[in-house]
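Below is the sequence, then the predicted model.
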Amino acid sequence: MFSNKPLRPAAARLNYTHLDSGAAAHLLQPHSEHAHYSLFFLNNVGGAIYLYCCALALYLYSADPAWTQSMLGKIFLPAAAFLSWTSCSVSCYVKGHSRWMYTFHRKLYSLTLLTVISPIAHLLAICSWTSTQVVPLHLLQVVLSLLSAYFFSCSSPECFSPGSFDVLGHSRQLFHVLLSLCMVVQQEALFRDFLWRRPALPRLFGEEHLLLACASILWLTFSCSLTALALRRRVQTRLTTEEA
């Protein structure tokens with residue numbers, strides 16, 4: 001089932017979807033109001049794919065095998081998929097229809113991000129910190145995830161000094177920098193875990209379960225895209241009515 005070539009795991013490589021969609025949204029959104037909403041809805045879909053791919057990769061390659069067989073382990077992936085889809089849906093709805101839910105949307109995304117790293121938090125709690133060289137990378141990943149979740153959900157530091165951080169140092173900027181650093185650390189940690197666990201993956205999870213796990217990415221992508229398209233159509237109808 002697996003070749004001998006040490007490629008980056010597919011679920012880990014897909015994490016960069018969020019960076020690509022986010023770059024496109026911020027670069028091209030001034031083109032028009034329709035493009036603004038369409039591209040940021042695409043960014044929300046990319047964010048949901050990123051969150052679920054993180055959860056899936058950490059579950060397969062890094063989580064403690066005993067934890068994956070526990071009750072929490074069995075509901076982890078469905079919960080991560082549901083929270084990722086919900087985060088995408090709420091983000092699109094907030095962007096196009098209801099700005100008063102903006103704070104709730106940010107806290108929901110942070111909750112999803114914290115759920116995604118829960119297998120690593122459990123692993124750090126039970127393992128010997130000197131047992132492997134990948135443990136410090138996982139610890140750094142958790143720290144960066146917590147910091148990025150904090151700055152995304154809280155308007156800090158700009159809330160303490162309004163206007164002082166409009167150009168440099170505002171919470172959204174710090175969130176993107178920390179999340180990008182987290183991605184880099186996460187990729188390296190996942191790659192090392194993948195190389196170590198790859199021969200045992202079919203025995204631990206079964207080939208059928210691995211195929212279903214890969215298919216779940218496509219299902220989440222389809223669900224998020226369908227939701228985003230439906231909400232985008234509503235926004236375009238409203239914009240067309242306002243322009244008439």
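Everything's here; your move.

State the distance from residue 148 to residue 171.
Residue 148 sits at a distance of 10 Å from residue 171 (criterion: C-beta to C-beta, to the nearest Å). The way it works is simple: take the backbone N, C-alpha and C, and place the C-beta from them, glycine included.

Which one's more surrounded, those two?
Using other C-beta atoms under 10 Å as the criterion, residue 148 and residue 171 rank with residue 148 on top: 22 against 19.

so which helix or strand takes in the more buried one?
helix 135-153 (DSSP states H and E).

Tell me where this protein has helices.
Per DSSP state H, the chain carries helices over the ranges 10-13, 17-28, 33-57, 65-68, 71-96, 102-116, 118-126, 135-153, 171-197, 201-205, 207-243.

Deepest in the core, which of these is it.
Per residue and on average, the most neighbours among the helices of the chain fall to helix 33-57, with a mean of 23 (mean count of other C-beta atoms under 10 Å).

on that earlier part again, turn the helices of the chain into TSV, including distance to residue 159 and mean pLDDT.
Shown next, in TSV, are those (distance: least, C-beta to C-beta, whole Å; pLDDT from 0 to 100):
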stretch	distance to residue 159	mean pLDDT
helix 10-13	35	49
helix 17-28	23	55
helix 33-57	24	86
helix 65-68	37	89
helix 71-96	20	90
helix 102-116	12	83
helix 118-126	28	90
helix 135-153	11	90
helix 171-197	8	89
helix 201-205	45	86
helix 207-243	29	88
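
quick one on the thing from earlier: who's in contact with the helix holding residue 148?
Under the criterion C-beta atoms under 8 Å, 6 or more residues apart in numbering, residues 62, 106-107, 109-110, 113-114, 116-117, 120-121, 123-124, 127, 129, 156, 171-172, 174-175, 178-179, 181-182, 185-186, 188-189, 192 lie in contact with helix 135-153.

How far does that helix sit from its chain's centre?
How far helix 135-153 lies from its chain's middle: 13 Å, per C-alpha atoms, centre = their mean, to the nearest Å.

And stretch 77-93, by the same measure?
Distance, centroid of stretch 77-93 to centroid of chain: 10 Å (C-alpha atoms, centre = their mean).

and what of stretch 233-244?
A distance of 30 Å separates the centroid of the chain from that of stretch 233-244, by C-alpha atoms, centre = their mean.

Equivalent analysis for stretch 46-55, please.
That offset, for stretch 46-55, works out to 4 Å (C-alpha atoms, centre = their mean).

about what we covered before: which one of the helices of the chain lies closest to residue 160?
Closest approach to residue 160 among these (C-beta to C-beta): helix 171-197, 10.9 Å.

Taking helix 33-57 as reference, get the angle to that closest one.
Helix 171-197 and helix 33-57 are oriented at 30 degrees to each other (axes from the mean of the first three to the mean of the last three C-alpha atoms, to 10 degrees).

Helix 171-197 - contacts with which helices or strands?
With contacts taken as 3 or more C-beta pairs under 8 Å, 6 or more residues apart in numbering; DSSP states H and E, helix 171-197 sits against helix 10-13, helix 17-28, helix 135-153.

how about 6 Å then?
In this structure, helix 171-197 packs against helix 135-153, with contacts taken as 3 or more C-beta pairs under 6 Å, 6 or more residues apart in numbering; DSSP states H and E.

give the contact list for the residue most central in space within the chain.
Taking C-alpha atoms, centre = their mean, the centroid of the chain lies closest to residue 51, which sits 2.1 Å from it. By C-beta atoms under 6 Å, 6 or more residues apart in numbering, residue 51 lies in contact with 84, 112, 116.
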